[in-house]
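In: Okay, here's the prediction I keep looking at, along with the sequence it came from:
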Amino acid sequence: MPTSSDSAGRPAQEYLSVRQLTVGYGAAPIISDVSIEVREREIVAIIGPNGAGKSTLLKAMTGRLSPQSGTVVLDGKDVTGAAGYELTRSGVGYVPQHNDVFSTLTVRDNLEMGGYLLPKAEVEHRIGYVLDTFPILKPLLKRSGKLLSGGERKLLGIGRCLVSSPKILILDEPTAALSPSLARTILEDHVTALARAGTTVLLVEQRARQAMEISNWCYVLVAGRVELSSEPRSLLSRPDVGELYLGRPAGPEPDRGPDSVAGDGSTDGGAAVPQVAAGDES
Amino acid sequence: MFLQTVGFGIVTASILALAAVGFTVQFSVTNILNLAYGDVMTASAFVAYVSATAGLNPWIGMITGGIFGSLFSYLLNRFVYTPFIRRGSKLFVMIIVTISMSLILQNVMQIIWGPNFFTVPIPAGSSVRFLGMIFTTSQIVIIAVAVAAMLGLHSLLTFTKLGKAMRATATDPELARNCGIRTKRITDLAWLLSGLLCGLGGVALVIDLGSFQSTTGGEFLVPIIAAAILGGVGQPYGAMLGALVIGMATEMAALVINPEYKEVVAFGLLIVMLLIRPQGLLAEVASQKEVAA
Ligand SMILES: Nc1ncnc2c1ncn2[C@@H]1O[C@H](COP(=O)(O)OP(=O)(O)O)[C@@H](O)[C@H]1O
Ligand SMILES: [Mg+2]
């Protein structure tokens, strides 16, 4: 049974929500009867063990997968089954966990594609803003997306989204390829700054503790179901949460293992984990 | 003699470049390996033939053939390929569908025009000497059309938002949609554009050959695919380079061995490519699509 502390203290206006969502890749659902809501200007974190269905949930919210049942509501409008480009038009920005940049395009062209829906002059202006936010991208403008390190890649993926000034930014494990220090910068500086500036953020994170520290609300997804929906601070103080739902104690900084810690400077050759394209025909 | 062979090589490479680049753009953006491509070339050549014999300037045939190739490819996708994709057909099934389309097109052309050979009545024109090579007027036009098409395509893909959206869609259609790109429209445009190159290539081919029949374009598919693979499929610039290599190699083989072996040489190069460059066509296809059809 999902436990839920009451939602007092959350902003009143709901921005993006899913209700009783059931989604899968074939006949068998991966997530079942999932309901979550993200309110305006909130940072909402979704945490949970690998394979819980977090990415699948986000794909259903960004036009990549059509739900078997349930609804997706964006800013009061039912957008269940809407195509990705329609959601982008409505202000949804999405940085997927894998394949988050166009590997055949240069960094500059990637940013330009982020501003596909904007007038040309505004694209330039927004690219300037993104380069000021992520100065690390400045000297790389002409480099091909496939020649970026894991960290550069992820910043480009986020930067590409920011070009379009999304109303809601959906990030799927943005710090997985980053060093702990860069991860901290992304979460504690950039994401919080974006939220303060009025962008709503939906965040899937493996760094559960850090995600909870910056978020207004937190969902724990386990085996395709919402196990917990809670204000994060009360969750942080529960010793059982980490062990039960995250596969590790929630207390100390989550151990990321050696490969992901190396992320920042290391080149992974753009070898993102291969992922079968779903919803190809839409 | 050697220089003249280089000249032939340049002409063949120009025709191949038109055709192979179109083939590559089609595959990379739409993900359909359209093995009816050569037959659409033939059909475009017949349109050029009809418009020329109807009294239009024969060079207008290049334009009518190109436009036909463009529209026909678009319609082929819209009314034949897309319905199969919608029903969930995967790569291998789609290959069978395109082979069937190839046979149907060849047979329809057989029914209309029989097994006869046709010639687009291009006036011989004067010949031009260049660096020891001699080109006929029609060869010069073919080279010019190919160069113009390649430069045009290059500008489109490198400098325009539309061209970049095409490359983005070819790379990752889902991410493209999440950028706000209506990928279906981009795919439609890719069919129109690659079909234009296909039609131009078909007309150029039959003008260069002198005469053609209903199977001519289909027989040209091997060097086209060889050129496309040589450059790494999905890479227009690679296909241009591949066209140059295959064009030169086949003409050299014709000089040194025997003109009969042109196709064999192209096929041989194709096999060698697949052996030494596993990241060529098949590898790419296998990794990017669900192969279990
Ligand atoms: N494209 C796909 N096709 C089929 N199954 C998939 C696909 N992507 C993920 N899955 C399966 O869905 C389940 C949930 O995956 P995912 O949503 O990526 O989990 P998480 O993001 O929480 O780690 C896993 O069992 C995974 O194997
Ligand atoms: Mg995931």
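Out: Nice, I can see it. Numbers count the residues shown, from 1 in each chain, chains lettered A, B, ... in the order given. Ligands and ions are numbered 1, 2, ... in the order given.
In: Which strand or helix spans the residue located most distally from the centre of chain A?
Out: Within chain A, the residue lying farthest from the chain centre (CA atoms, centre = their mean) is A:A121, at 27.9 Å. Under the criterion of DSSP states H and E, A:A121 resides in helix A:120-133.
In: Output the helix or strand just after that helix as CSV, nothing but the C-alphas.
Out: As assigned by DSSP H and E, the chain's next helix or strand after helix A:120-133 is helix A:150-163. What follows is helix A:150-163, C-alpha atoms only, in CSV (Å, rounded to 0.1, in the frame of the first residue of the first chain):
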residue,chain,number,x,y,z
GLY,A,150,30.2,11.5,-20.3
GLY,A,151,30.0,14.7,-18.3
GLU,A,152,30.2,17.0,-21.3
ARG,A,153,27.6,14.9,-23.0
LYS,A,154,25.2,15.2,-20.1
LEU,A,155,25.7,19.0,-19.8
LEU,A,156,25.0,19.3,-23.5
GLY,A,157,21.8,17.2,-23.1
ILE,A,158,20.6,19.5,-20.3
GLY,A,159,21.8,22.6,-22.2
ARG,A,160,20.0,21.5,-25.3
CYS,A,161,16.8,21.3,-23.3
LEU,A,162,17.4,24.7,-21.7
VAL,A,163,17.6,26.4,-25.0
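In: Determine how far helix A:150-163 lies from the middle of the whole chain.
Out: Put simply, helix A:150-163 sits 12 Å off its chain's centre (CA atoms, centre = their mean, to the nearest Å).
In: tell me the mean pLDDT for that helix?
Out: Per-residue pLDDT values across helix A:150-163 average out to 94.
In: cool, and stretch B:238-246?
Out: pLDDT averaged over stretch B:238-246 gives 84.
In: per-residue confidence at the closest residue to chain B within the stretch 101-250 of chain A?
Out: Closest residue of the stretch 101-250 of chain A to chain B, CB to the nearest CB: A:L117 (4.1 Å). For every residue, glycine as well, the C-beta is placed using N, CA and C. On the pLDDT scale, A:L117 is placed at 95.
In: do B:L151 as well
Out: 92.
In: re earlier: so what does the residue of the stretch 101-250 of chain A closest to chain B look like in phi/psi?
Out: phi -90, psi 0 (degrees, to the nearest 10).
In: Next up, the contacts around residue 41.
Out: Going with chain A. Going by CB atoms under 8 Å, 6 or more residues apart in numbering or on different chains, A:R41 touches A:P11, A:A195, A:G198, A:T199, A:T200.
In: nope, chain B please
Out: B:A19, B:G69, B:C198, B:G199, B:G201, B:G202, B:L205, B:T216, B:G217, B:F220.
In: can you count the residues close to B:E260?
Out: Using other CB atoms under 10 Å in any protein chain shown, the number of residues around B:E260 comes to 9.
In: Oops, could you answer that again for A:L105 instead?
Out: A:L105 sits with 21 neighbouring residues when counted by other CB under 10 Å.
In: For it, which non-adjacent residue is spatially closest?
Out: A:G145 (5.6 Å; CB to CB, 6 or more residues apart in numbering or on different chains).
In: So for the residue of the stretch 101-250 of chain A closest to chain B, what's the nearest residue that isn't a sequence neighbour?
Out: Nearest to A:L117 is B:G180, by CB to CB, 6+ apart, at 4.1 Å.
In: in terms of contact, does that neighbour touch A:A83 like I think?
Out: No. With contact defined as CB atoms under 8 Å, B:G180 and A:A83 do not form a contacting pair (10.2 Å).
In: Counting neighbours, go ahead and name the busier of the two.
Out: More crowded of B:G180 and A:A83, by other CB under 10 Å: B:G180, with 22 against 19.
In: Give me the distance between the more buried one and A:G63.
Out: 11 Å (CB to CB, to the nearest Å).
In: can you list residues touching both of these two?
Out: With CB under 8 Å, 6+ apart as the test, B:G180 and A:G63 both reach A:Y85.
In: quick one, helices of chain B?
Out: Ranges of helices within chain B are B:2-30, B:37-53, B:60-76, B:82-86, B:91-113, B:137-159, B:161-171, B:173-177, B:183-209, B:216-219, B:221-230, B:236-256, B:262-276, B:281-288, based on DSSP state H.
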